[in-house]
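[1] model the structure of this input:
(one chain, ligands or ions: 2)
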Amino acid sequence: MVNIEKIKNIMQERLSPTRYAHSRNVAEEAKNLAKNYGENMDKAYLAGMLHDYAKGLAAQKLITIAEKHDLIEDKIEYLIPDILHARVGARLLREDKITSDSLILTAIARHTLGDANMSDFDKIIFLADLIEPSRDYPLRERLHCIAYKQLDDAMLVGLELTIKHCLDNKRLLHPKTIQVRNIFLEKQY
Ligand SMILES: [Fe+2]
Ligand SMILES: [Fe+2]
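    Residues are numbered from 1 along each chain as shown. Ligands and ions are numbered 1, 2, ... in the order given. Got it, this is the predicted structure:
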């Protein structure tokens, strides 16, 4: 694994200034959440910094890489290829020898849609992406507050906010988002 300053430089070169600022914020937020829940703070910071590694890639490139490595999970991903940046990013980080840490790579692969079997570390990266301070939506502060109290409650709220956002903006909704939302809701039954 390369050192953190090198990683920052790599990310700064790959991303727009706004997206790079977002990555730095996610890294800080992930580190704080990791501290709160007794997870590895250094790995959380790294995962936050790297989570959008493939975010700047063109749609066709995301599809080509995803097809090459059998990363397509649902045909809807051809219509919303940006969703692939999570799985493609994790794959490229390994290929580019940035990190081979499976805790970090799994959390990055799951940061857009979540997963049926998320570790607390996965949830921390997923939530840090949604609650970092430059995110601008009405319930961000509320979700931020819940995220530091109970990870599963925050996951449910975060997934439902994502679903509402898709409905309000007539955006395609990935079936996995609904599946994962149901899993977190079932935990409350
Ligand atoms: Fe992302
Ligand atoms: Fe992000």
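[2] for the rest of this, base every contact and every neighbour count on C-alpha atoms.
    Will do.
[3] phi, psi for the most centrally placed residue in the chain please.
    Nearest to the geometric centre of the chain sits H111, at 2.3 Å (C-alpha atoms, centre = their mean). Phi and psi for H111, reported as degrees, to the nearest 10, are phi -80, psi -10.
[4] was I right about it contacting I125?
    Yes - judged on C-alpha atoms under 8 Å, H111 makes contact with I125 at a distance of 6.4 Å.
[5] residues in contact with the closest residue to H51 other than its chain neighbours?
    For H51, ignoring the flanking residues on the chain, the nearest one in space by C-alpha to C-alpha, 6 or more residues apart in numbering is I108 at 5.1 Å. Residues near I108 by C-alpha atoms under 8 Å, 6 or more residues apart in numbering: A47, L50, H51, D52, A86, R87, G89, A90, D122, I125.
[6] state the helix or strand in which I108 lies.
    I108 belongs to helix 102-109 when assigned by DSSP states H and E.
[7] how about that helix: buried residues?
    I104, L105, T106, A107, I108, A109 (16 or more other C-alpha atoms under 10 Å).
[8] how about the helices in the chain?
    4-14, 17-37, 41-50, 59-68, 85-95, 102-109, 120-131, 140-147, 151-168, 175-186 (DSSP state H).
[9] can you give me the neighbour number for I83?
    If you count neighbours by other C-alpha atoms under 10 Å, I83 ends up with 19.
[10] these two touch, right, it and I76?
    No - contact between I83 and I76 fails when scored by C-alpha under 8 Å: they sit 9.6 Å apart.
[11] using a markdown table, please lay out the helices of the chain together with mean pLDDT.
    Output for the helices of the chain, formatted as a markdown table (pLDDT from 0 to 100):
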| stretch | mean pLDDT |
| --- | --- |
| helix 4-14 | 96 |
| helix 17-37 | 98 |
| helix 41-50 | 98 |
| helix 59-68 | 98 |
| helix 85-95 | 98 |
| helix 102-109 | 98 |
| helix 120-131 | 98 |
| helix 140-147 | 97 |
| helix 151-168 | 97 |
| helix 175-186 | 98 |
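[12] rewinding a little: nearest to E13, of the buried residues of helix 102-109?
    Nearest to E13 among those is I108, at 19.1 Å by C-alpha to C-alpha.
[13] could you measure from that closest one over to L143?
    Computed as C-alpha to C-alpha, to the nearest Å, the I108 to L143 distance reads 20 Å.
[14] just N36 next, same as before
    15 Å.
[15] cool, K68 as well?
    On the measure of C-alpha to C-alpha, K68 and L143 end up 37 Å apart.
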